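> Here is a sequence with its predicted model. Questions after.
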Amino acid sequence: MPTFLSPETYATLIADLSSAFTSAAHSTTHSLHDLLAEALANADVLPEACRADFAGQTI
């Protein structure tokens, strides 16, 4: 099942992902993996391993 994002969140995610690629290409201190993970986290897209960190929280 796909995850649907609001147009604003989707646009921000695309911009953040583009920025992550550009930043990683010009950096020796940031990995592409870390920058992509940060961009996805900013869009509330997290790996299953993080689910327990949010257990019991309400939106």
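Structure's in. What do you need?
> and the gap between T12 and S27?
According to Cβ to Cβ, to the nearest Å, T12 stands 21 Å off from S27. All C-beta atoms are positioned from the backbone trio N, CA, C, and that covers glycine.
> Can you name the residues that contact the residue most central in space within the chain?
Closest to where the C-alpha atoms of the chain average out (Cα atoms, centre = their mean) is L40, at 0.9 Å. Each residue near L40 by Cβ atoms under 8 Å, 6 or more residues apart in numbering is listed here: L13, L46.
> Give me the mean pLDDT for the one helix or strand S23 maps to.
Using DSSP states H and E, S23 falls within helix 7-25. Helix 7-25 shows a mean pLDDT of 94.
> next helix or strand past it?
Helix 7-25 is succeeded, C-terminally, by helix 32-42 (DSSP H and E).
> pLDDT averaged over that following helix - what is it?
93.
> Now it: buried residues?
Residues L35, A39, L40 are the ones in helix 32-42 that count as buried (16 or more other Cβ atoms under 10 Å).
> which one among those gets closest to F4?
For the buried residues of helix 32-42, the minimum distance to F4 (Cβ to Cβ) is 15.2 Å, reached by L40.
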